[in-house]
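Asker: need the 3D shape of this:
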Amino acid sequence: MDEPRTNTRARIDIDGREFLLDGDRDLLALMERIEAAARTEPTFVDISDRNGLVSVLVSPGARVVISVEHVSSAALVEEAPVMPIADWDL
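Answerer: Numbers count the residues shown, from 1 in each chain. All right, here's what the predicted structure looks like:
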């Protein structure tokens, strides 16, 4: 039986809001954009996460934590996002 492949995934937390990036994203380029934004007036940084594109306003006081974890491909499938059904969709 084949072993599950191990992939990397980055977790970026900006002021308490978490974004999950797949391993194929250019993490170093994103880190440079966040760092540059934190050195200037508040600036929007676009982040493409598993749920789509998000623009985050980054300012010098922003708290940013970036971690990279190794996960199996099976775990990535199990964690696939599930879109909640809003009450008015019923």
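Asker: sketch out the helices for this protein, chain order is fine.
Answerer: In the chain, the segments counted as helices under DSSP state H are 27-38, 73-78.
Asker: buried residues in the longest one?
Answerer: Spelled out, that is helix 27-38. Within helix 27-38, the residues that count as buried by 16 or more other C-beta atoms under 10 Å are 30, 33, 34, 37, 38. All C-beta spots, glycine's among them, are computed from the backbone N, C-alpha and C.
Asker: lowest-pLDDT helix or strand in the protein?
Answerer: Of all helical and strand segments in the chain, the minimum by mean pLDDT, DSSP states H and E falls on helix 73-78, at a mean of 52.
Asker: now the buried residues of helix 27-38 as JSON lines including distance to residue 55 and pLDDT?
Answerer: Putting the buried residues of helix 27-38 into JSON lines (distance: C-beta to C-beta, whole Å; pLDDT from 0 to 100) gives the following:
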{"residue": "30", "distance to residue 55": "13", "pLDDT": "92"}
{"residue": "33", "distance to residue 55": "12", "pLDDT": "94"}
{"residue": "34", "distance to residue 55": "12", "pLDDT": "94"}
{"residue": "37", "distance to residue 55": "11", "pLDDT": "94"}
{"residue": "38", "distance to residue 55": "15", "pLDDT": "94"}
